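> What follows is a predicted structure for the sequence shown.
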Amino acid sequence: MKYPAQRLTFIFSAQSKSTGVLALAFTALVTGCSSIQSESDADPHYRLTLLHTNDHHGRFWKNSHGEYGMAARKTLIDQIRAEVEEEGGQVLLLSGGDINTGVPESDLQDAEPDFKGMRHLGYDAMAVGNHEFDNPLDIIRQQQEWAGFPFLAANIYDSNTGERLFEPYKVFDLDGLKVAVIGLITEDTKKLGNPEFMGDIEFSLPSVEAAVLVPELKKKSDIVIAATHMGHYDNAAYGVNAPGDVSLARRVSGIDIIVGGHSQDPVCMSAENLSNMAYQAGDPCLPDSQNGTLIMQAHEWGKYVGRADLEYQDGELTLLSYQLIPVNLKKKVKNAEGKSERVLVAEAIPEDAGMLDFLQPFQDQGQDELNIPIGNVDDRLEGDRSVVRFQPTNLGHLIATAQMEKVKADLAVMNSGGIRDSIEAGEITYKEVLMVQPFSNTVASVDLTGKELMEYLSIVASKPVDTGAFAQFAGVALEIVDGKLTNALVGNKPIDSDHVYRLAVNSYIAAGGDGYPDLSSHPGYVNSGFVDAEVLKTFLSQHSPIQASDYDNQAIQRL
């Protein structure tokens, strides 16, 4: 049955007794049809607290400023559980996926500390994220064993057998309250995941799968939650991305709550269909509401734990309060001497001692190797997501140059999505290199005629901004007018249609990743076998000290 619009009443509350942070409390009444009938005149009254995180990306340990980390998260979650259980309620802890890729200590260990850590935290289920497919399927199966909770994905299939590769949903019986959780992943995963591991894996349309399964789940349960890795896009304006959570809610009625990930946003609305772009940690937060579905997302890296306190009775689900609880996040302020310092935005959350003891060996492993200096640079090499996906940067140019040099190519193309961090001025360690390039792609080359090269450059030069596909270049000067390539120079000369040029690329985009043309079957294609991070490490070492200005935007010579 189609839900009516939610009725929201806003109440700015005092500090939460369990977290000491400012909460935005409100009620959201959603009337639906329950398949569970009571033997008495009135249905039982249930209290449910839904906790959620997403896009963890290897952040099992706190950062250098003491922010987030799984040890503090455990303290917070245990505290909430104790409070809820004392009041007779139930807790469900979900993840929106993307546990893999982002921090060397995690990447080098196939995210073992992260998945085992989630088990210790008591996660009930997670959506499979696209970055889970940075690894082959056998690694994912190992991660499932480490986790011990369901990996949910209704729209991932083995193309040979037609069978789903993961459980599509899980129905939880919480002291009589039946809660169904369905997993869905973006249909873009075939494009975003590592193509080397995608050969026999197919991703169907999430909304099509949900349209079939949600009505079935309404018959089996009182509440239907979608744990998704699809992204939140205001008013369904998903642009070049695949449709996200707003589109799903509008297309498929009957989903009570979506716990999402992928776009890595704190989903806090300032008005209908308008996110609060000025949201700061500790501010009140109101989730999105579409077609009777509440949509939640808790930014990234475990910076927040999302908390929704719910009540269910007589077929009605009521959202009593919602907040994004910051996990030891800090903000910069000026102290009395006018100097900048970082202060907590909310009450400090102690780290759980048992969790610290468990995680410490994983954090220690490989530190000697990771912290070895490999070179130095005189200024910042820019790789921040908010910059490198919008314009050429010195780090993008440097990485492309390193790959071009390694395989003795004439030019190189690099996707911005493969650049995950910046390098600050000063000494450079191997750990910083792995932060920049965590995916373990290999460097490849392909020999193309000038005609083939122009066709290739015409496609990749037009990749839109604000996507991982946005291209960084080396060894080539481009003239782009209205998003179209009109001219290109290699070696300061126009491209000769009959001449053969060697192009350096990483194995990810060579196999069609990020929607690039597939070069892996071209007769001139050679995979060097050299891992991209090792290539960058060697280049930085051999060319140190690095002058950042040698790779600045002008050096890229985009005409």
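Yep, that arrived. Numbering: from 1, shown residues only.

> Glu455: how many residues sit nearby?
Counted with other Cβ atoms under 10 Å, the neighbours of Glu455 add up to 13. For the C-beta atoms, the positions are set from N, CA and C on the backbone; glycine is no exception.

> Over to it: give its phi and psi.
In terms of degrees, to the nearest 10, the main-chain angles of Glu455 are phi -60, psi -40.

> Could I get the contacting residues of it?
Not one residue lies near Glu455 by Cβ atoms under 8 Å, 6 or more residues apart in numbering.

> Against Leu381, how distant is it?
Noted for Glu455: a distance of 31 Å to Leu381, by Cβ to Cβ, to the nearest Å.

> what does Asn527 give?
To Leu381, Asn527 is 26 Å away according to Cβ to Cβ.

> Looking at the two, which is more packed in?
Leu381 (25 against 17).

> wait, isn't that one in contact with Gly396?
No. In this structure, Leu381 is not within contact of Gly396 by Cβ atoms under 8 Å, at 9.2 Å.

> and Arg7, what pLDDT?
pLDDT, Arg7: 34.

> before we move on, what SS does Tyr508 have?
helix (DSSP: H, G, I helix; E, B strand; the rest coil).

> The residue lying closest to it once chain neighbours are set aside - how many residues pack around it?
Leaving aside its chain neighbours, Tyr508 sits nearest to Asn441 (4.6 Å; criterion: Cβ to Cβ, 6 or more residues apart in numbering). By the measure other Cβ under 10 Å, the count of residues near Asn441 is 26.

> So Ile77 lies in a helix, does it not?
Yes. Counting by three-state DSSP, Ile77 is found in a helix.

> List the residues that contact it.
Leu51, Leu93, Leu121, Gly122, Val305.

> Show me this protein divided up by domain.
Following automatic domain parsing, the chain resolves into domains at 10-30+48-363, 370-556.

> so how far is Leu398 from the closest residue to Thr393 other than its chain neighbours?
The shortest distance from Thr393 to any non-neighbouring residue, by Cβ to Cβ, 6+ apart, is to Glu382 (4.2 Å). Distance from Glu382 to Leu398, counting by Cβ to Cβ: 10 Å.

> Of those two, which one has the most company?
Legend: neighbour count by other Cβ under 10 Å for Glu382 and Leu398, higher for Leu398 (28 against 22).

> Met414 is in contact with Gly475, isn't it?
No. Between Met414 and Gly475 there is no contact under Cβ under 8 Å: 11.3 Å.

> Which residues are in contact with each of those two?
Taking Cβ under 8 Å, 6+ apart as the criterion, Met414 and Gly475 both touch Ala400.

> Please say which of the two ends up with more neighbours.
Neighbour tally, Met414 and Gly475, criterion other Cβ under 10 Å: the higher count belongs to Met414, 30 against 23.

> Point me to the helix or strand that includes that one.
In the assignment (DSSP states H and E), Met414 maps to strand 411-415.

> Listing partners with orientation, what would you give for that strand?
strand 471-474 (antiparallel), strand 500-506 (parallel) (DSSP bridges).

> Quick one, which of those gets closest to Val181.
strand 500-506 (35.8 Å; Cβ to Cβ).

> Let me see the mean pLDDT of the closest one.
Averaged across strand 500-506, pLDDT comes to 97.

> Please apply the same query to stretch 435-449.
Here stretch 435-449 scores 92 as its mean pLDDT.

> residues touching the closest residue in space to Thr449 that isn't next to it in sequence, list them.
Leaving aside its sequence neighbours, Thr449 sits nearest to Val500 (Cβ to Cβ, 6+ apart; 5.8 Å). Counting by Cβ under 8 Å, 6+ apart, Val500 makes contact with Asp447, Leu448, Thr449, Gly450, Gly524.

> for the contacts of Ile77, which one is nearest Lys334?
Ranked by distance to Lys334 (Cβ to Cβ), the contacts of Ile77 are led by Val305 at 29.3 Å.

> Excluding covalently adjacent residues, which one is nearest to the closest one?
Per Cβ to Cβ, 6+ apart, closest to Val305 is Ile325, 4.9 Å.

> Quick check, the one you found in contact with Leu76.
Yes. Counting by Cβ under 8 Å, Ile325 touches Leu76, with 6.5 Å between them.

> So between these two, which is more surrounded?
The residue with more neighbours, out of Ile325 and Leu76, is Ile325; 27 against 24, by other Cβ under 10 Å.

> Which strand or helix spans that one?
Secondary structure (DSSP H and E) places Ile325 in strand 316-326.

> quick one: average confidence on that strand?
For strand 316-326, the per-residue pLDDT averages 97.

> give me the beta-bridge partners of Met414?
Gln472.

> need the contact list for it.
Neighbouring residues of Met414 by Cβ under 8 Å, 6+ apart: Gly396, Ile399, Ala400, Gln403, Ala471, Gln472, Phe473, Ala474, Val505, Asn506.

> so the fifth one sits right up against Lys463, yeah?
Yes. With contacts defined as Cβ under 8 Å, Ala471 counts as touching Lys463 at a distance of 5.3 Å.

> Find residues that contact each of the two.
Here Ala471 and Lys463 share the contacting residues Asn415, scored by Cβ under 8 Å, 6+ apart.

> Next up, the contacts around the residue nearest to Tyr508.
For Asn441, the contacting residues are Asn194, Gly418, Asn506, Ser507, Tyr508, Val531, Asp532, by Cβ under 8 Å, 6+ apart.

> Among these, name the buried ones.
Buried members of these, counted by 16 or more other Cβ atoms under 10 Å: Asn194, Gly418, Asn506, Ser507, Tyr508, Val531, Asp532.

> Export those as JSON lines, with columns for distance to Gly148.
Below are those laid out as JSON lines (distance: Cβ to Cβ, whole Å):
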{"residue": "Asn194", "distance to Gly148": "25"}
{"residue": "Gly418", "distance to Gly148": "32"}
{"residue": "Asn506", "distance to Gly148": "34"}
{"residue": "Ser507", "distance to Gly148": "32"}
{"residue": "Tyr508", "distance to Gly148": "31"}
{"residue": "Val531", "distance to Gly148": "31"}
{"residue": "Asp532", "distance to Gly148": "33"}
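
> Secondary structure element holding Lys116?
Lys116 belongs to helix 112-121, assigned by DSSP H and E.

> residues making contact with that helix?
Here helix 112-121 has contacts from 56, 58, 60-61, 70, 73-74, 77, 93, 95, 99-100, 105-106, 126, 143, 146-149, 355, 358-359, 362-363, using Cβ under 8 Å, 6+ apart.

> from the residues you listed, which ones fall inside strands?
Counted as lying in strands by DSSP state E, out of those, are Leu93, Ser95, Met126.

> what's across from the second one in the sheet?
Beta bridges link Ser95 to Thr53, Met126, judged by DSSP bridges.

> Tell me the spacing between it and Leu478.
Distance of Ser95 to Leu478, given as Cβ to Cβ: 41 Å.

> Between these two, which has more neighbouring residues?
Between Ser95 and Leu478, counted using other Cβ under 10 Å, Ser95 has the larger neighbour count: 31 against 20.
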